[in-house]
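1. after the sequence you'll find the predicted model.
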Amino acid sequence: MKPVRKAVLPVAGMGTRVLPGAKTTPKEMLNVVDRPILSYIIAEGRAAGIEHFVFVTGRGKGAIEDYFDHHPELEAQLEAKGKLDLLADIQGELPRPGEMSFVRQMAPLGLGHAVWCARDIIGDEPFAVMLPDMLMAADVPALKQTVDAYNTVGGNVVVVEQCPEGQAHKYGIVALDGQAGRLNRMTGMVEKPAPGTEPSNLFISGRYILQPEIFALLAEQGKGAGGEIQLTDAMARLMALEPFHAFEYDGVTYDCGDKIGLLRANVAFALKHPDLADAARAAITALL
């Protein structure tokens, strides 16, 4: 069983749910407290042992590549002013040589197409998919939990979460071969099932570990929901060939591609920030 060393981050989306904020700033670069969303995602990936991040970008996403690069003028100013802790914080996020690659998705053809764009860099090995607008707060990073689950069962692993009561018709719901504990064999996926027909109360969330055979299926995958090439359609086909497991991770997810989700993430992360928690709590209390 090959280890999971690479992760695909689809960052080409326009962020329409957080407009106008995402008009000139990529939604993945919107701040949660004191750093962009992507900063947390990369930290999560590194904690899971990811050695190579593949960003699938699009038009207007140059700020992402710039963020993970040196800023000589800024670094020189911080050093001259003696702000060495801040300088170390900034430099600590810089990638190691060869740790990051950037490929272009030329048209918004869907998540499945975005993942397929990374095929040549991923090659013939399992890989993670990290949806960068889904910020997952957990004591043990979400992808680390998922990789540990993968190391137990192999195959393909999909992170799932419990659906709010009566809301299953809004999500992609997994069907399971029995449900015991947090890691269970999948038998199918149903996109937005009619109320009362859902096969479980677990919906597909923002982290996946997939085998490279998915690329051949994506290459011939037709358009699905929304007129886009859907990753879940190819996953459903791969399930007939390889085992899939659903993993219910231990943590809380914040959908930062949504205005209220982004607000919730800012509040939650501010309240846990080692330097800002007390001031944040006082400010929030005063507002309420």
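-> Looks like it arrived, so ask away. Numbering: from 1, shown residues only.
2. so Ala47 touches Lys144, yeah?
-> Yes. With contact taken as Cβ atoms under 8 Å, Ala47 and Lys144 are classed as touching, separated by 5.2 Å. Any C-beta I mention is one placed from the backbone N, CA and C, and that applies to glycine too.
3. now stretch 160-167: average pLDDT?
-> Here the mean pLDDT over stretch 160-167 is 88, rounded to a whole number.
4. could you export that stretch as PDB, CA atoms only?
-> Coordinates of each C-alpha in stretch 160-167 appear next as PDB, following Å, rounded to 0.1, in the frame of the first residue of the first chain:
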ATOM      1  CA  VAL A 160     -18.100  12.400   6.000                       C
ATOM      2  CA  GLU A 161     -20.100  14.300   8.600                       C
ATOM      3  CA  GLN A 162     -23.500  14.000  10.200                       C
ATOM      4  CA  CYS A 163     -26.200  15.900   8.400                       C
ATOM      5  CA  PRO A 164     -28.400  18.400  10.300                       C
ATOM      6  CA  GLU A 165     -31.800  16.800  10.900                       C
ATOM      7  CA  GLY A 166     -34.000  17.100   7.900                       C
ATOM      8  CA  GLN A 167     -31.300  18.500   5.600                       C
END
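5. gap between the two ends of stretch 79-98?
-> In terms of Cα to Cα, to the nearest Å, the two terminal residues of stretch 79-98 are separated by 26 Å.
6. may I see the buried residues of that stretch?
-> Residues of stretch 79-98 classed as buried: 87, 90 (neighbour count, 16 or more other Cβ atoms under 10 Å).
7. more neighbours: which of Ala47 and Lys144?
-> Using other Cβ atoms under 10 Å as the criterion, Ala47 and Lys144 rank with Lys144 on top: 18 against 14.
8. what helix or strand does that one sit in?
-> helix 142-153 (DSSP states H and E).
9. contact partners of that helix?
-> Here helix 142-153 makes contact (Cβ atoms under 8 Å, 6 or more residues apart in numbering) with 1, 4, 7, 44-45, 47-50, 126, 128, 130, 136, 138, 157, 159, 182-183, 207, 209, 243, 245, 247, 249-251.
10. and Phe102, that one's in a strand?
-> Yes. Applying DSSP: H, G, I helix; E, B strand; the rest coil, one finds Phe102 inside a strand.
11. returning to what we had before: can I get the CA coordinates of the helix holding Lys144 in CSV?
-> Taking C-alpha atoms only, helix 142-153 is exported to CSV below (Å, rounded to 0.1, in the frame of the first residue of the first chain):
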residue,chain,number,x,y,z
ALA,A,142,-8.6,16.3,9.9
LEU,A,143,-6.3,15.0,7.0
LYS,A,144,-4.0,13.3,9.6
GLN,A,145,-7.0,11.5,10.9
THR,A,146,-8.0,10.5,7.4
VAL,A,147,-4.5,9.3,6.4
ASP,A,148,-4.5,7.2,9.6
ALA,A,149,-7.8,5.7,8.5
TYR,A,150,-6.4,5.0,5.0
ASN,A,151,-3.3,3.3,6.5
THR,A,152,-5.8,1.0,8.2
VAL,A,153,-8.0,0.0,5.3
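12. show me what counts as buried in the helix or strand just after it.
-> Once the chain leaves helix 142-153, the next helix or strand it forms, by DSSP H and E, is strand 156-162. Judged by neighbour count using 16+ other Cβ under 10 Å, the buried positions of strand 156-162 are 156-161.
13. where does the stretch 151-288 of the chain have low pLDDT?
-> Scanning the stretch 151-288 of the chain with the threshold set as pLDDT under 70 gives no residue ranges.
14. report pLDDT for the residue of the chain positioned farthest from its centre.
-> Farthest-out residue of the chain from its mean C-alpha position, per Cα atoms, centre = their mean: Ala80, at 36.7 Å. At Ala80, the predicted lDDT confidence score is 96.
15. and it, what does it touch?
-> Under the contact definition (Cβ under 8 Å, 6+ apart), no residues are listed for Ala80.
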